[in-house]
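K.L.:
sequence-free structure coming up:
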DNA sequence: CGTTAACTTGAATTTTGTCAATGCCTGTGG
DNA sequence: CCACAGGCATTGACAAAATTCAAGTTAACG
């Protein structure tokens, strides 16, 4: 039911300054009159090197942001979920490929329109700056993770970020969905699939998580996970004792 | 002569929309009437956690952007040189500490003023967005480096970036100044001082660079350096053969 | 010119990656 | 609805890369 939703119903409309229900304009609101498009799992929304002529809003599903080096090495610089915007920080050309990791829906908006709308409304401008600053913050966090964290800390940080993402809505029930493969996780965390797999196994053995199927993880001890993640924000003052291997 | 230049000469003036010589407003132009302050080598411009109430322009010298994990591990997420702006992408609080790595001069501007000026002028706005996008691009590049590049590629990429920085002005004469210590380089590249040192030695043995003093490097073979850096942008199509150790 | 921090070098160790084999979901087709 | 195939994940043994620990050197600064 996701797949056949390309350009359904609603016709394309010129986008005037769009206001959300309460009358406050939002970046996401700019997309609200755009038709929803479906993207098959594995398909690309755009490719590294394409003219960055459009921005997108994810309405359902998940994307991975991929960069490929000349010799084939792959890096995932981020994952995007429902509600996230894609391509806002791209100027002339996209510097990365955006691929669906599961059946995904997006709304599309010409960058020209996006820029025009922002130019007209101060409130949208400050939101744009906020969006860019948030992206920067996430990128910095990833730099810290890759520069100085161990495999165990990287995987824990990743799971913790996903927990926090869902916890915003459901304060309890720390069950996390992992739509991406182990390879995606590895390329995001600067590790190999084998190392990711081993750490997941150890986290399970330590009863920090419980893997129920490949794409679902229950977080049994979020506080311990936060310690293992070597998370700055955490008020868990003590350093975590790493898990034993055997 | 750098040290005693705190708040010299020029008095503080209210900053109206400031225009550069040619009449086109620029972000850097906003700082042009601000007094220049000197910062001792090793001193901090601001600290991680401070209220982000000001933005800065580096007019001389160099800064390192530092993040410290709870257990003391240090990450440098960037270096800033003359002409660069500092703190633009910070919202409520600075997420990092900015320290001078040599005697450095900056101009300071209240964020309120910065935001006001930008709010008034569309040309500044697009420059701000451009600045933020450039920062994002750099951060992504660093993520790629840290996620998937070898020690040799990391150091080569770093030197190459510095070469390109100076080459903008002097198209020839690839002599690079390294004001930072090996520890700074290591914390920026996600390596240890020893590894950085070993790679530098190997690059010298391979006659790719020539170390003349601790803080100066002559790049003898920039094209080879670019290959060793596994640089995407490079049209050097072939994969570089890594340097031999012995 | 001497002191000292910064850097280099070497050897041993650890962590992560590589290679290879096995096991297990998941989605397809009967 | 079940069986099966094939991709994905796990596990183990081994190798490689980078770190750690420990001396030595060197260059920068007073």
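P.N.:
That came in fine, so what should we check first? What you are looking at is a predicted structure, and each value in this text was computed from that prediction instead of being measured. Residues are numbered from 1 along each chain as shown, chains lettered A, B, ... in the order given.
K.L.:
make it CA atoms for all contacts and neighbour counts henceforth
P.N.:
Fine.
K.L.:
residue boundaries of the helices in chain A?
P.N.:
Secondary structure of chain A by DSSP state H: the helices cover A:111-120, A:122-148, A:151-167, A:182-189, A:193-205, A:222-228.
K.L.:
Quick one: name the residues of chain A near chain B.
P.N.:
Chain A has residues A:67, A:69-71, A:73-75, A:77, A:89-91, A:119, A:122, A:129-130, A:132-133, A:135-136, A:139-140, A:142-144, A:146-148, A:187-191, A:230-232, A:237, A:239 near chain B, with proximity defined as Cα under 8 Å from any Cα of the partner chain.
K.L.:
hmm, try it at 7 Å
P.N.:
Within chain A, the positions adjacent to chain B are A:69-71, A:75, A:77, A:89-90, A:132-133, A:136, A:139-140, A:142-144, A:146-148, A:189-190, A:232, A:239 by Cα under 7 Å from any Cα of the partner chain.
K.L.:
Quick one, which of the residues you listed are buried?
P.N.:
With burial judged by 16 or more other Cα atoms under 10 Å in any protein chain shown, the buried subset of the residues of chain A next to chain B is A:70, A:75, A:77, A:89-90, A:132-133, A:136, A:139-140, A:142-144, A:146-148, A:189-190, A:232.
K.L.:
What about the closest residue in space to residue A:28 that isn't next to it in sequence, how many residues nearby?
P.N.:
Excluding its sequence neighbours, the residue lying closest to residue A:28 (Cα to Cα, 6 or more residues apart in numbering or on different chains) is residue A:57, at 7.0 Å. Residue A:57 sits with 27 neighbouring residues when counted by other Cα atoms under 10 Å in any protein chain shown.
K.L.:
tell me the contacts of residue A:57?
P.N.:
With Cα atoms under 7 Å, 6 or more residues apart in numbering or on different chains as the criterion, the residues that contact residue A:57 are A:31, A:83, A:84, A:85, A:86, A:106, A:107, A:108.
K.L.:
Could I have the PyMOL command that selects the buried members from the residues you listed?
P.N.:
Those of these that count as buried under 16+ other Cα under 10 Å are selected in PyMOL with:
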select buried, chain A and resi 31+84+85+86+106+107+108
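K.L.:
mind giving me the domain split of chain A?
P.N.:
The record's domain parsing of chain A by automatic domain parsing lists A:28-146, A:150-228.
K.L.:
could you dump these to JSON lines with distance to DNA strand C?
P.N.:
Shown next, in JSON lines, are these (distance: least, Cα to the nearest atom of the strand, whole Å):
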{"stretch": "domain A:28-146", "distance to DNA strand C": "9"}
{"stretch": "domain A:150-228", "distance to DNA strand C": "3"}
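K.L.:
Reformat those as CSV; add mean pLDDT and distance to DNA strand D.
P.N.:
Rendered in CSV, the data for the domains of chain A read as follows (pLDDT from 0 to 100; distance: least, Cα to the nearest atom of the strand, whole Å):
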stretch, mean pLDDT, distance to DNA strand D
domain A:28-146, 96, 9
domain A:150-228, 93, 3
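K.L.:
For residue B:47, find the nearest of those.
P.N.:
Proximity of the domains of chain A to residue B:47 was assessed by Cα to Cα; the nearest stretch is domain A:28-146, lying at 16.0 Å.
K.L.:
Once you drop chain neighbours, what's closest to residue A:89?
P.N.:
Among residues not flanking residue A:89 along the chain, residue B:133 sits closest, at 5.2 Å (Cα to Cα, 6+ apart).
K.L.:
Please list all residues in contact with the residue nearest to residue A:79 when sequence neighbours are not counted.
P.N.:
Closest residue in space to residue A:79, ignoring its immediate chain neighbours: residue A:64 at 4.6 Å, by Cα to Cα, 6+ apart. Contacts for residue A:64 were tallied using Cα under 7 Å, 6+ apart; they are A:76, A:78, A:79, A:80, A:98, A:99, A:100, A:101.
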